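> Okay, structure incoming, though there's no sequence with it:
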């Protein structure tokens with residue numbers, strides 16, 4: 001029986017379309033790093049050397065562009081979690097991963113607030129990325145709890161909320177680049193068994 005996926009989903013991009021998509025992602029990452037994730041999409045298209053129509057053909061919404069721009073980072077977090085699951089000290093492995101998550105979220109102004117929403121919004125293009133991060137965090141937290149490094153009864157979803165809340169607080173106090181890490185360390189000290 002034939003697969004009923006859309007033909008566009010099956011077809012690889014032509015070389016010029018692939019170049020345009022890659023240029024758009026590079027321009028988006030740069031714009032998001034300097035201006036935050038609310039950077040002008042028209043400016044991103046212009047910086048990539050393409051028209052706005054090309055941007056919208058590849059990324060019909062801002063969220064789909066944000067998702068694509070951060071997919072490598074999210075996949076990197078999942079890979080890091082898999083490696084950390086092999087570490088002897090499950091508590092330190094969880095802390096290491098949460099610090100990496102915090103760095104991911106604070107790299108781009110405005111990302112933390114978008115990720116908070118996407119956790120509960122299954123229609124968001126960012127929802128799958130949030131689920132990937134939640135799965136990694138659950139596995140690490142379960143192991144840390146089993147080893148006695150994390151207090152019993154800690155709701156793992158609260159850990160994600162904690163990281164995003166810290167990221168939001170740090171966005172408003174840009175004069176202190178170490179604030180987010182310091183707050184995360186203080187919060188995690190209180191969660192140890």
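Structure's in. What do you need? From a predicted model like this one, the values you see are computed outputs, not experimental measurements.

> Give me the phi and psi for residue 192.
Note on residue 192: its backbone torsions stand at phi -70, psi 150 [degrees, to the nearest 10].

> Next one: the residue most central in space within the chain from residue 144, what distance?
Nearest to the mean C-alpha position of the chain, by C-alpha atoms, centre = their mean, lies residue 74 at 5.0 Å. From residue 74 over to residue 144 the distance is 21 Å, taken as C-beta to C-beta, to the nearest Å. (C-beta placed from N, C-alpha, C; glycine too.)

> swap in residue 160?
Using C-beta to C-beta, residue 160 is found at 15 Å from residue 144.

> Between the two, tell me which one has more neighbours.
residue 144 (25 against 22; other C-beta atoms under 10 Å).

> helix or strand for the more buried one, which one?
Using DSSP states H and E, residue 144 maps to helix 127-146.

> before we move on, back to that, got a list of what the residue nearest to the centre of the chain touches?
Contact partners of residue 74, counting by C-beta atoms under 8 Å, 6 or more residues apart in numbering, are 104, 129, 132, 133.

> Could you rerun that using 10 Å?
67, 101, 104, 126, 128, 129, 130, 131, 132, 133, 136 (C-beta atoms under 10 Å, 6 or more residues apart in numbering).

> Can I get the buried part of those residues as one ChimeraX selection?
The buried subset of the contacts of residue 74, as determined by 16 or more other C-beta atoms under 10 Å, is captured in ChimeraX by this line:
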select :67,101,104,126,129,130,132,133,136
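
> Among the contacts of residue 74, which one lies nearest to residue 166?
Distances from residue 166 to those, taken as C-beta to C-beta, are shortest for residue 101 (10.2 Å).

> Surely the closest one touches residue 167?
Yes - counting by C-beta atoms under 10 Å, residue 101 does reach residue 167; the two are 9.0 Å apart.

> Name the residues contacting each of these two.
Counting by C-beta under 10 Å, 6+ apart, the shared contacts of residue 101 and residue 167 are 115, 184.

> need the contact list for the nearest residue to residue 70 once chain neighbours are set aside.
Leaving out its chain neighbours, the residue that sits closest to residue 70 by C-beta to C-beta, 6 or more residues apart in numbering is residue 129, at 6.6 Å. By C-beta under 10 Å, 6+ apart, residue 129 lies in contact with 66-67, 70-71, 73-75, 77-78, 104, 115, 118-119.

> In strands only, show me those residues.
Assignment to strands by DSSP state E places none of the contacts of residue 129 there.
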